[in-house]
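Chemist: Sequence unavailable; structure follows:
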């Protein structure tokens, strides 16, 4: 009986991983939101967030998890952001160090800025966990639109992220 149950759990885990790996979230179409939120960490995330602001699909951008050593002028220079654009439209968050603390930092910014809907920009393999953590930290009334940056993750990266997603889901008490 225990062996059958263990086999069932292993099969469920393997099928869940397969589903996770082959159905990575996709880029979002033409949707306007109050803001775009970008957790640091993956290639193309910040560029995509800036593109959204510049196209007028979001009025401002919050970048969560910026290294405290990075000065706003350095960020602006690295990503080609004009001073006026930084002043009006880009806020850097320096408190977060991981996905869970990104959620807390985003929740604080959303509350302080009375955001009603936001576009979350992160890498495709990271989207489910990031969105789940943020949904758990902000009020239910705030709508999150998921805008995944396509990538080419290797099997190890997918495996690690799937396990983090499961752990995050268990700790939040919600289904993966």
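Modeler: Received it, and whenever you're ready, just let me know what you need. Every value quoted in this text rests on a predicted model; they were computed, and no experiment measured them.

Chemist: close enough to count as contact, residue 129 and residue 168?
Modeler: Yes - the pair residue 129 / residue 168 is scored as a contact, 5.2 Å apart, by C-beta atoms under 8 Å. Quick note: C-beta positions are derived from backbone N, CA and C, even for glycine.

Chemist: Just the element for the closest residue to residue 101 other than its chain neighbours, please.
Modeler: Leaving out its chain neighbours, the residue that sits closest to residue 101 by C-beta to C-beta, 6 or more residues apart in numbering is residue 95, at 6.6 Å. Following DSSP states H and E, there is no helix or strand that holds residue 95.

Chemist: Mutual contacts of residue 129 and residue 168, please.
Modeler: Taking C-beta atoms under 8 Å, 6 or more residues apart in numbering as the contact rule, residue 129 and residue 168 both touch residue 99.

Chemist: residues of the longest helix seen in the chain that come out buried?
Modeler: If you go by DSSP state H, the chain has its longest helix at helix 2-22. Counting neighbours by 16 or more other C-beta atoms under 10 Å, one finds that the buried residues in helix 2-22 are 17, 20.

Chemist: contacts for the helix or strand just after that helix?
Modeler: Remark: after helix 2-22, the chain's next helix or strand is strand 33-39, criterion DSSP H and E. For strand 33-39, contacts defined as C-beta under 8 Å, 6+ apart pick out 45-46, 48-49, 52-53, 57-65, 96, 99, 102, 106, 109-110, 113, 115-122, 126, 130, 134, 143, 145, 147.

Chemist: Report the buried members of the residues you listed.
Modeler: Among those, those classed as buried by 16+ other C-beta under 10 Å are 45-46, 48-49, 52-53, 57-58, 60-65, 96, 99, 102, 106, 109-110, 115, 117-122, 126, 130, 134, 145, 147.

Chemist: Number of residues surrounding the residue nearest to residue 101?
Modeler: For residue 95, the number of neighbouring residues by other C-beta atoms under 10 Å comes to 14.

Chemist: And it, its phi and psi?
Modeler: phi -90, psi -30 (degrees, to the nearest 10).

Chemist: Who are the contact partners of it?
Modeler: So residue 95 contacts 65, 101, 104, 105 (C-beta under 8 Å, 6+ apart).
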